[in-house]
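Trainee: Sequence and computational prediction follow.
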Amino acid sequence: GAGVSQTPSNKVTEKGKYVELRCDPISGHTALYWYRQSLGQGPEFLIYFQGTGAADDSGLPNDRFFAVRPEGSVSTLKIQRTERGDSAVYLCASSLLVTTYNEQFFGPGTRLTVL
Amino acid sequence: DQQVKQNSPSLSVQEGRISILNCDYTNSMFDYFLWYKKYPAEGPTFLISISSIKDKNEDGRFTVFLNKSAKHLSLHIVPSQPGDSAVYFCAASHMEYGNKLVFGAGTILRVKS
């Protein structure tokens, strides 16, 4: 079956612009996670959704970052007034449930470059 | 504050030999540990996991060992194959934290043929 997909695969933008990154999780997965991976580091947690609601957004670096999952499936990560420090690979993952231990399945990521 | 640490940035091993990747953690609340493998331009792929109630979990060529008292886990790959060459990430989670994963910085494994 289809895995987690993310679009676009690459995004180049200018400082100060607005960007949206999309994630399509595996069908039927209720939990969806966003991570950010900077060069030479492991992925860092940003936010996760249980269904439509953001259950934990403690990893979002500041209020320029926002994510939604309006119908409990597709999610969009939105970044306002982008800064060069936002350049990273943004990874999305989904899992079947949050209430038991389930492996998270990752998408290929969106590489964001802010010039 | 790095809660999960992989102190070896890289490891080089001869094909057929054992690869041992190490990981240390500081948060005693973590109760589930995972290893992910990542190839360039791809997302991390789940490899193997272990619950804190166990000290060993084996899946084919891959075995993960957990030493809770030392807050240390390791991944053994035997025998190593060239296709195992990738970046390996150790991750930890706790159900009360929604199973969000805390990752180490990764170890680049090169298996030479």
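Mentor: Sure, I can see it.

Trainee: C-alpha only now, for contacts and for neighbours.
Mentor: OK.

Trainee: need the strands for chain A, in chain order.
Mentor: Per DSSP state E, chain A carries strands over the ranges A:5-7, A:10-13, A:19-24, A:31-37, A:44-50, A:53-56, A:65-68, A:75-79, A:88-95, A:105-106, A:110-114.

Trainee: Throw the ones you listed into JSON lines and include mean neighbour count, mean pLDDT and distance to chain B, thanks.
Mentor: What follows is these, written out as JSON lines (neighbours: other CA atoms under 10 Å in any protein chain shown; pLDDT from 0 to 100; distance: least, CA to the nearest CA, whole Å):
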{"stretch": "strand A:5-7", "mean neighbour count": "21", "mean pLDDT": "97", "distance to chain B": "10"}
{"stretch": "strand A:10-13", "mean neighbour count": "14", "mean pLDDT": "98", "distance to chain B": "11"}
{"stretch": "strand A:19-24", "mean neighbour count": "20", "mean pLDDT": "98", "distance to chain B": "13"}
{"stretch": "strand A:31-37", "mean neighbour count": "26", "mean pLDDT": "96", "distance to chain B": "8"}
{"stretch": "strand A:44-50", "mean neighbour count": "23", "mean pLDDT": "94", "distance to chain B": "7"}
{"stretch": "strand A:53-56", "mean neighbour count": "15", "mean pLDDT": "88", "distance to chain B": "8"}
{"stretch": "strand A:65-68", "mean neighbour count": "19", "mean pLDDT": "97", "distance to chain B": "16"}
{"stretch": "strand A:75-79", "mean neighbour count": "20", "mean pLDDT": "98", "distance to chain B": "17"}
{"stretch": "strand A:88-95", "mean neighbour count": "26", "mean pLDDT": "96", "distance to chain B": "7"}
{"stretch": "strand A:105-106", "mean neighbour count": "24", "mean pLDDT": "94", "distance to chain B": "5"}
{"stretch": "strand A:110-114", "mean neighbour count": "21", "mean pLDDT": "98", "distance to chain B": "9"}
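
Trainee: For these, please prepare a markdown table with the additional fields distance to B:T63.
Mentor: Converted to a markdown table, the strands of chain A look like this (distance: least, CA to CA, whole Å):
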| stretch | distance to B:T63 |
| --- | --- |
| strand A:5-7 | 29 |
| strand A:10-13 | 35 |
| strand A:19-24 | 32 |
| strand A:31-37 | 26 |
| strand A:44-50 | 25 |
| strand A:53-56 | 32 |
| strand A:65-68 | 37 |
| strand A:75-79 | 35 |
| strand A:88-95 | 23 |
| strand A:105-106 | 20 |
| strand A:110-114 | 31 |
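
Trainee: Which of those sits closest to B:S113?
Mentor: The closest of those to B:S113 is strand A:105-106. By CA to CA, the value is 29.3 Å.

Trainee: Report the strands that pair with the host helix or strand of B:L66, each with its relative direction.
Mentor: Assigning secondary structure by DSSP states H and E places B:L66 in strand B:62-67. Paired strands of strand B:62-67, with direction, are strand B:56-59 (antiparallel), strand B:72-77 (antiparallel) (DSSP bridges).

Trainee: and it, how far out from the chain's middle?
Mentor: Here strand B:62-67 is found 8 Å from its chain centre; the criterion is CA atoms, centre = their mean, to the nearest Å.

Trainee: Check the model's average confidence along it for me.
Mentor: Here strand B:62-67 scores 98 as its mean pLDDT.
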